[in-house]
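Peer 1: Attaching a predicted model along with its sequence, questions to come.
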Amino acid sequence: MSRILKEWSPQKNDKYILYLDKELPHNKPYRNYRIGGVIYKPIPMSHTNGKCIAVQGEGNFVGKEVELVKEEQ
């Protein structure tokens, strides 16, 4: 699991780029994420080096843990 260090919303909307403390596995980069008990589908991004993910949802992700999951939203 990784913890979210900071978040950024490029257009101040419901899409957030989340910066992580640890790299997520590269073998399945587009699995779903569980953040604060909620399942989010990832928004594909390039050149993230595994330490950055994007999701659509409500803000205030900082400090929460990210877990890779197989369930769908």
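Peer 2: Noted; the coordinates are in hand. Owing to the predicted nature of the structure, the values given are computational and were not obtained by experimental measurement.
Peer 1: give the contact list for the spatially most central residue of the chain.
Peer 2: Residue closest to the average C-alpha location in the chain (C-alpha atoms, centre = their mean): residue 53, at 4.1 Å. Residues in contact with residue 53, defined by C-beta atoms under 8 Å, 6 or more residues apart in numbering, are 17, 18, 20, 24, 33, 42, 45, 66. C-beta here means a position set from N, CA and C on the backbone, and glycine is covered the same way.
Peer 1: Any regions of this protein where pLDDT drops low?
Peer 2: 26-30, 47-48, 71-73 (pLDDT under 70).
Peer 1: Strands along that one, start to end?
Peer 2: Assigned by DSSP state E, the strands in the chain fall at 2-8, 15-20, 32-35, 38-40, 52-56, 65-69.
Peer 1: what sits opposite residue 7 in the beta ladder?
Peer 2: Per DSSP bridges, the residues bridged to residue 7 are residue 18.
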